[in-house]
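Undergrad: The following block contains a protein sequence and its predicted model.
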Amino acid sequence: MSTANRFAENLRHWPTEGLSFGGDYNPEQWPDDIVAQDMELMREAGVNLVTLGVFSWITYEPREGCFDFSWLDGMLDLLAGNAIRVDLATPTAAVPMWLHRLHPEILPQDEFGHPLAPGGRMGWCPSSPVFREYSLRIVERLAAHVAGHPAVRMWHVSNEFGGGNARCHCPVSADAFRRWVQDRYTTIDAVNEAWGLAFWGNTYSSFEEIVTPGGRTAHNPGHLLDYERFSSDALLEQYRAEKRVLRRHTPDLPVTTNFMVGLGPDVVDYTRWSDEMDIVANDHYTFGPDPFRHQELAFSADRMRGMSNGGPWMLMEHATGAASWHPINQAKKPGELFRHAITHVARGSNSVMFFQWRASRSGTEQFHSAMVPHAGPRSHVFGEIRTLGQHLRQLAETAATGVVGARVAFLHDNEAGWALKSGLKPINDPSYADTARAIHRKLFDRAVTVDVLPPWADFTGYDLVVVPGLFLISDEDAQAVADYAHRGGTVLITWFSGIVDPVNTVRIGGYPGAFRDLIGAWSDEFFPLAAGEQLTLDNGWTAHRWSERMQVIDADVVARYASGDTAGLPAITRRTIRAEAGLPQDAAPAGEGTVWYLSADLDDPSLDALIDRLLADARVEPAASVTAGIDAVRRAGSRSSYLFLINNATTEGSARTSGVDLLTGTRHDGEVRLAAGAVAVIREDRD
Ligand code: GLA
């Protein structure tokens, strides 16, 4: 779907007016008087959407084949009566205990063949026909029952697919995997060839010999990568099956499921799932000890916007304060609740939703933060929620706008991350997202808006394409990067990109195989560094972790290694490509193409210096002129533009723009001053 269409479609489907505000609502836990108080408090806070019924299968079907929706009917009527709309979940995340008793074989098995214990959630094998049958039956009954109810505005299929059952090794999954491999490769010889099974003499003579890669042995990289793909596909089949049922009964309601998009790679391949979503939705939780958690949040939000083709996406869950699954669960710092919520909105979310509305007294997540904490409405957090609700209403007019001004495309692919962790590597604690995150942070610090896109997206109109540690790439996608550069674009390719093809086979003839010609240089050996080791470059920059023995064919050397085993050899290169006659120029940036290759993992200040040069090369400007620590993103529509300013610094800062702050009504002429931690959303003057 085109960007414009996706935008209009998302808005058409949107479950509320303006921005959606609310969270997961699990009233099964509470007596009537608390539920009655919930309605009052939701109205007070301005909640307009709740996610209901995520774990309610046992409530709807207390015994096998006995259905009772009276509790749900009461809740839907109550919520409708309070003008609160419902994002209704299919309850397939929480298998009733009677089903575990009747069919213990539906439990997923770990890599050693041990079943998950019953209880908890996601206790089902994604390929189980038994689970499929029971789950579709409850979905069918539920959808038929609620069809036409005015409160129900959206479907939330199951919950966080893959959260606990992403990789199943039970006999049913093993069979399904064999069928998946057969569908993909047709013949066993093709599998042997693709996975390179001649090595270690692992050649198969029939599909029956293929197992899921578990247990205690080293597995083949192609096998491992395909198992990741299969596992994602198996879960997607469950989503699709549920969605088909929902469509039959409620053809007009949007259907989604809540992703868990962070830095990647993710448990399932969300980018390849995103076309199946009427609105893409994310659950995002920050990690308290991470000093740059607001930037990690921004990276994930930039990924979400890429998955919704620039259209509005939904922040389905985040936390008002602490989670409870980390060793130490830190509360949010003062003002962080608001800053985090607005950072998501600034980057294209049209909702601010939390897990969960009211903190549980008991149950697994009894210490997870909530909109109404254990202390109740007199708590500090509920005060912040009330203020947040008020502010979101003041921002309602931004809901019809989208993020504008991204001149940088960041190529990100889950399969590249999976390939990197599938099999042994020069560095065996590889983190696919490290390089991407480091570069994204430099752009974030400079208020440069970034679209995180899959390599197969159309990135021709951007001024700069970053290829950060993209270990796997297909020939076609690598060609698209080359075409972009040949049309005059600027590209940065970093170490360990383009190394393998889609079956996780090394591209031979010199690294980085897929980009060797494009960068005009190649390496014949990697020189990873010992922990704590540092290299210097001849321009004074420093690097750690990685170096390569490079030869230049057709590129300028920006910096050479000045120490270590590669001393004297190129570390950073820059190739200039003259724009070629005959190639379409219209959508392309003007001028000569430039391809940078970074073979080292630069230390922070050196990366700063590189990024400054790169941005100057590509003529990329920030969203606004801001002082250090201020995040600036612009959303705009046909009539208005809004500059979102979030001061993540501990000192006062400022931004250059003129207009009215929607949050305070204050007019600013030329400059907006922001106190430490403050947020402003400026409806900008249009000339
Ligand atoms: C996830 C789940 C929720 C809840 C939260 C908080 O996002 O979807 O049900 O468990 O985490 O832990």
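TA: Cool, the structure landed.
Undergrad: Identify the residues contacting stretch 213-221?
TA: Stretch 213-221 has contacts (C-beta atoms under 8 Å, 6 or more residues apart in numbering) with 110-113, 169, 195-197, 199-200, 202, 223-224, 227, 419, 422-424, 500, 504. Every residue, glycine included, has its C-beta placed from N, CA and C.
Undergrad: for it, which positions count as buried?
TA: If you call a residue buried by 16 or more other C-beta atoms under 10 Å, then stretch 213-221 has these buried ones: 213-214, 219-221.
Undergrad: Show me how far it is from its chain's centre.
TA: A distance of 28 Å separates the centroid of the chain from that of stretch 213-221, by C-alpha atoms, centre = their mean, to the nearest Å.
Undergrad: To what extent is the residue in the stretch 101-250 of the chain that the ligand sits nearest to buried, counted in neighbours?
TA: Nearest residue of the stretch 101-250 of the chain to the ligand (C-beta to the nearest ligand atom) works out as Glu160 at 4.5 Å. Neighbourhood size, Glu160 [other C-beta atoms under 10 Å]: 20.
Undergrad: Could you double-check that it sits in contact with His284?
TA: No: between Glu160 and His284 there is no contact under C-beta atoms under 8 Å: 11.6 Å.
Undergrad: Find residues that contact each of the two.
TA: Met260.
Undergrad: Tell me how far the most far-flung residue of the chain relative to its centre lies from the ligand.
TA: Distance from the C-alpha centroid of the chain, by C-alpha atoms, centre = their mean, peaks at Gly568 (40.0 Å). Using C-beta to the nearest ligand atom, to the nearest Å, we find Gly568 at a distance of 51 Å from the ligand.
Undergrad: for that residue, what are its contacts?
TA: Contacts for Gly568 (C-beta under 8 Å, 6+ apart) come out as 560-562.
Undergrad: Quick check: of those residues, which has the highest neighbour count?
TA: That'd be Tyr561 among the contacts of Gly568, by other C-beta under 10 Å, with 25 neighbours.
Undergrad: Which residues are in contact with that one?
TA: By C-beta under 8 Å, 6+ apart, the neighbours of Tyr561 are 535-538, 547, 567-571, 600.
Undergrad: For the stretch 201-350 of the chain, which residues are neighbours of the ligand?
TA: Counting by C-beta under 6 Å from any ligand atom, the stretch 201-350 of the chain comes close to the ligand at 283, 317, 323.
Undergrad: burial count for the first one?
TA: Here the count is done by other C-beta under 10 Å, and Asp283 has 22 residues near it.
Undergrad: That one against Gly262, yeah?
TA: No: contact criterion C-beta under 8 Å: Asp283 and Gly262 do not qualify, at 9.6 Å.
Undergrad: Does the residue in the stretch 551-687 of the chain positioned nearest to the ligand belong to a helix, a strand or coil?
TA: In the stretch 551-687 of the chain, the residue that lies nearest the ligand is Ile646 (23.2 Å; C-beta to the nearest ligand atom). Recorded secondary structure, Ile646: strand (DSSP: H, G, I helix; E, B strand; the rest coil).
Undergrad: And for it, the neighbour number?
TA: Using other C-beta under 10 Å: Ile646 sits among 26 other residues.
Undergrad: Excluding covalently adjacent residues, which one is nearest to it?
TA: In this structure, Ile646 finds its nearest non-sequential neighbour in Asp631, 4.3 Å apart by C-beta to C-beta, 6 or more residues apart in numbering.
Undergrad: Kindly report the residues of the chain close to the ligand.
TA: Neighbours of the ligand within the chain, by C-beta under 6 Å from any ligand atom: 159-160, 283, 317, 323, 355, 365, 368.
Undergrad: Let's see that with 8 Å instead.
TA: 24, 54-55, 93, 121, 159-160, 163, 258, 260, 283, 285, 317, 319, 323-325, 355-356, 364-365, 368 (C-beta under 8 Å from any ligand atom).
Undergrad: Just the buried ones from the residues you listed?
TA: Applying 16+ other C-beta under 10 Å to the residues of the chain next to the ligand flags 24, 54-55, 93, 121, 159-160, 163, 258, 260, 283, 285, 317, 319, 323, 355-356, 365, 368 as buried.
Undergrad: just to revisit the earlier point, tell me, what's the model's pLDDT at the residue of the stretch 551-687 of the chain closest to the ligand?
TA: Here the pLDDT value assigned to Ile646 is 98.
Undergrad: Relative to Pro426, how far out is Leu420?
TA: 11 Å (C-beta to C-beta, to the nearest Å).
Undergrad: Follow the chain on from the helix or strand harbouring Glu384 and name the next helix or strand.
TA: Applying DSSP states H and E as the criterion places Glu384 in helix 380-394. On the C-terminal side of helix 380-394, the closest following helix or strand by DSSP H and E is strand 402-404.
Undergrad: Sticking with the nearest residue to Arg248 once chain neighbours are set aside, tell me its helix or strand.
TA: Closest residue to Arg248 apart from its sequence neighbours, by C-beta to C-beta, 6+ apart: Ala143 at 7.4 Å. Assigned by DSSP H and E, Ala143 belongs to helix 129-146.
Undergrad: Okay, buried residues for that helix please.
TA: 131-132, 134-136, 138-143, 145-146.
Undergrad: any idea of the mean pLDDT in that helix?
TA: 98.
Undergrad: which helices and strands does it pack with?
TA: In terms of contacts (3 or more C-beta pairs under 8 Å, 6 or more residues apart in numbering; DSSP states H and E), helix 129-146 is packed against helix 57-60, helix 70-81, helix 221-249.
Undergrad: Contacts for it next, please.
TA: 53, 57, 60-61, 67, 69, 72, 76, 88, 90-92, 95, 99, 103, 105-106, 124-125, 152, 172, 238, 241-242, 245-246, 248-250.
Undergrad: next one: stretch 229-243
TA: 90, 92, 126-127, 132, 135-136, 139, 155, 157-158, 161-162, 165-168, 173, 176-177, 180-181, 255, 257, 267-269, 272-273, 276, 415, 418.
Undergrad: Tell me the buried residues in that stretch?
TA: Neighbour-count burial for stretch 229-243 flags 229-236, 238-239, 242-243 (criterion: 16+ other C-beta under 10 Å).
Undergrad: Low-confidence stretches in the stretch 1-150 of the chain?
TA: Where the stretch 1-150 of the chain drops to pLDDT under 70, the residues are 1-4.
Undergrad: Could you rerun that using 90?
TA: Scanning the stretch 1-150 of the chain for pLDDT under 90 picks out the ranges 1-13.
Undergrad: Check the chain too.
TA: Across the chain, the ranges flagged by pLDDT under 90 are 1-13, 428-432, 460, 578-592, 686-687.
Undergrad: if we can go back for a sec, can you give me the buried ones in the helix holding Glu384?
TA: Per 16+ other C-beta under 10 Å, helix 380-394 contains these buried residues: 381-382, 384-386, 388-389, 391-392, 394.
Undergrad: and the residue of the stretch 101-250 of the chain closest to the ligand, which of the three is it?
TA: Glu160 ends up coil, using three-state DSSP.
Undergrad: got the residues of the stretch 201-350 of the chain next to the ligand as CSV, with secondary structure columns?
TA: Below are those laid out as CSV (three-state DSSP):
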residue, secondary structure
Asp283, strand
Glu317, strand
Ala323, coil
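Undergrad: Between these, which sits nearest Asp32?
TA: Among these, Glu317 lies closest to Asp32 (C-beta to C-beta), at 25.9 Å.
Undergrad: Could you look up the SS state of Trp418?
TA: Trp418 ends up helix, using three-state DSSP.
Undergrad: Leu420 and Pro426: which is more packed in?
TA: Between Leu420 and Pro426, counting by other C-beta under 10 Å, Leu420 is the more crowded of the two (25 against 12).
Undergrad: burial count for Val352?
TA: Neighbours of Val352 (other C-beta under 10 Å): 27.
Undergrad: I'd say it and Leu392 touch.
TA: Yes: with contact defined as C-beta under 8 Å, Val352 reaches Leu392; the gap is 6.1 Å.
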